[in-house]
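> what follows is a protein structure lacking sequence information:
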């Protein structure tokens, strides 16, 4: 069994136990809670889609698709708060730097609160500009606007929650992320059914349910954070919080991740906007098929985020051999998960489509295009895995550059492919995008281990 330096914290936060075993079992102990937590989100999206998909018009389903992609575009534009917090916290954890363990939550959380207030102020131009890009029908745009106008009020809570999730993953307490996500999504699903099925609030009920769930999860997360940080027993000093060099590092790293995340979300938003030009029925089909990608992404992210914390801790301890062992094992599990998804989609894909909608035309077309989802996991897993490795290594500049190039390739291929192959061409362009993301990071990957010196570790079993 391979051994390497990693900061295990079963009892007191920031108290390293020295050499600890890192095996497939350890990776699963970290990854499974993340996977379960992440899977609750696409389950929630599936419930939203199913609730709207069983109403009497595809306009509701199309509106939820557009409204959700807009709010996702806005919120996940700040996804760097989760990813940046994980990388910084994991490396501070590896170094056993107790002061930075606190600061690596507080600094991004304050920034998240500020950004949430700014989103409140800018909500009208954001929704107007977004709907202009989608060019959907008047009915769909009206419903999507209602959805967005309610969802935006949870912005500060959502951004703080990103920081909490990143911090919990960084200190290797991934079960806490499961608690937060499970609470938020179970409450959301229950309220979805109450507001839409019982009280017939429609798309407004779906939005209100989500806001209540997001705010309550953030409150619980802050309570848990305060419990965990008591073990550090250090007073918060304003000079530490406002350390200019640390803030500069935080902003620089987060800006790179922001650009990367913005490009990623823009690619999927553009993908949806192009699908909308094929009509409301195809847009509804697109909403159903995208649920398969949501299920996939959150599953693969479990091992990607495990790579973030373990790679960050190994690099924080400047242990090159530990780093290589983590990468090897996480890669093996990512391959297994990707293949498993493909098998599930092949055998159960039609059944999942039937569960998501009972609109006959939408069902028929979704099954016709399902072939694109069957092979998607094998192509996409490399992008997710390498993102996790690069976040843990704090190589955000490489992530930014790779994503910019991949987006350019995607946008350059879309028009040509849809002109010649229609909606199938749009999916082919998405394949090219995911493949490009993996290749651009693979090229830079060798530089990470070269930057580290070899640190001796115990012999393997």
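Nice, thanks for sending it over. Note that this is a predicted model, so its numbers are computed, not measured. Numbering: from 1, shown residues only.

> could you give the number of residues near residue 421?
13 (other C-beta atoms under 10 Å). Quick note: C-beta positions are derived from backbone N, CA and C, even for glycine.

> residues contacting it?
Contact analysis of residue 421 by C-beta atoms under 8 Å, 6 or more residues apart in numbering lists residue 428.

> likewise the one 4 residues further on?
By C-beta under 8 Å, 6+ apart, residue 425 lies in contact with 414, 416, 417, 418, 419.

> in PyMOL, select just the buried ones from the residues you listed.
Filtering these down to the buried ones (16 or more other C-beta atoms under 10 Å) takes a single PyMOL command:
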select buried, resi 414+417+418
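
> please narrow the contacts of residue 425 to those residing in helices.
Using DSSP state H, the members of these that fall within helices are 414, 416, 417, 418, 419.

> relative to residue 106, how far out is the first one?
So that's residue 414. Here the criterion is C-beta to C-beta, to the nearest Å. By it, residue 414 lies 42 Å from residue 106.

> repeat that for the second one.
Distance of residue 416 to residue 106, given as C-beta to C-beta: 48 Å.

> over to the last one?
Residue 419 is 51 Å from residue 106, where distance means C-beta to C-beta.

> so, low pLDDT: which residues of the protein?
Within the chain, the stretches with pLDDT under 70 are 1-22, 41-46, 49, 53-57, 135, 231-239, 452-461.

> that one: strands as residue ranges?
3-5, 19-21 (DSSP state E).

> residues making contact with stretch 396-409?
84, 87, 252-254, 256-257, 259-260, 263-264, 266-267, 387, 390-391, 432-433, 436-437, 440-441, 444, 447.

> got it, and stretch 249-262?
With contact meaning C-beta under 8 Å, 6+ apart, stretch 249-262 is reached by 76-81, 83-84, 87-88, 107-108, 111, 391, 394, 396-397, 399-400, 402-404.

> in that stretch, what counts as buried?
Neighbour count says stretch 249-262 has 250, 251, 253, 254, 256, 257, 258, 259, 260, 261, 262 buried, by 16+ other C-beta under 10 Å.

> for stretch 272-282, same thing?
Within stretch 272-282, the residues scored as buried using 16+ other C-beta under 10 Å are 272, 273, 274, 275, 276, 280, 282.

> and for stretch 83-98?
Applying 16+ other C-beta under 10 Å to stretch 83-98 flags 83-95, 97-98 as buried.

> and it, how far out from the chain middle?
19 Å (C-alpha atoms, centre = their mean, to the nearest Å).

> cool, stretch 370-390 as well?
In terms of C-alpha atoms, centre = their mean, the centre of stretch 370-390 is found 13 Å from the chain centre.

> repeat for stretch 289-302
Put simply, stretch 289-302 sits 9 Å off its chain's centre (C-alpha atoms, centre = their mean).

> what residues does that stretch touch?
In contact with stretch 289-302 (C-beta under 8 Å, 6+ apart) are residues 31-32, 34-35, 38-39, 41-42, 45-46, 49, 65, 268, 272, 334, 337-338, 341, 345, 349, 352, 356, 366, 369-370, 372-373, 376-377, 380-381, 384-385, 388.

> among these, which are in helices?
Short answer: the contacts of stretch 289-302 in helices (DSSP H) are 31-32, 34-35, 38-39, 41-42, 45-46, 49, 65, 268, 272, 334, 337-338, 341, 345, 349, 352, 356, 366, 372-373, 376-377, 380-381, 384-385, 388.

> quick one on the thing from earlier: what subset of the contacts of stretch 249-262 is buried?
76-81, 83-84, 87-88, 107-108, 111, 391, 394, 396-397, 399-400, 402-403.

> sort out for me which of the residues you listed are in helices.
76, 80-81, 83-84, 87-88, 107-108, 111, 391, 396-397, 399-400, 402-403.

> how deep is the closest residue to residue 311 other than its chain neighbours tucked in, by neighbour count?
Counting by C-beta to C-beta, 6 or more residues apart in numbering, residue 392 is the residue found nearest to residue 311 once chain neighbours are left out, at 3.1 Å. Residue 392 has 32 neighbouring residues, counting by other C-beta under 10 Å.

> correct me, but residue 392 touches residue 305?
No - at 9.2 Å, residue 392 does not count as touching residue 305 under the criterion of C-beta atoms under 8 Å.

> spit out the residues that contact those two alike.
Common neighbours of residue 392 and residue 305 (C-beta under 8 Å, 6+ apart) are residue 86.

> for residue 77, grab phi and psi.
Phi and psi for residue 77, reported as degrees, to the nearest 10, are phi -60, psi -20.

> that one reaches residue 263, doesn't it?
No - applying C-beta under 8 Å as the test, residue 77 and residue 263 come out as separate, 10.2 Å apart.
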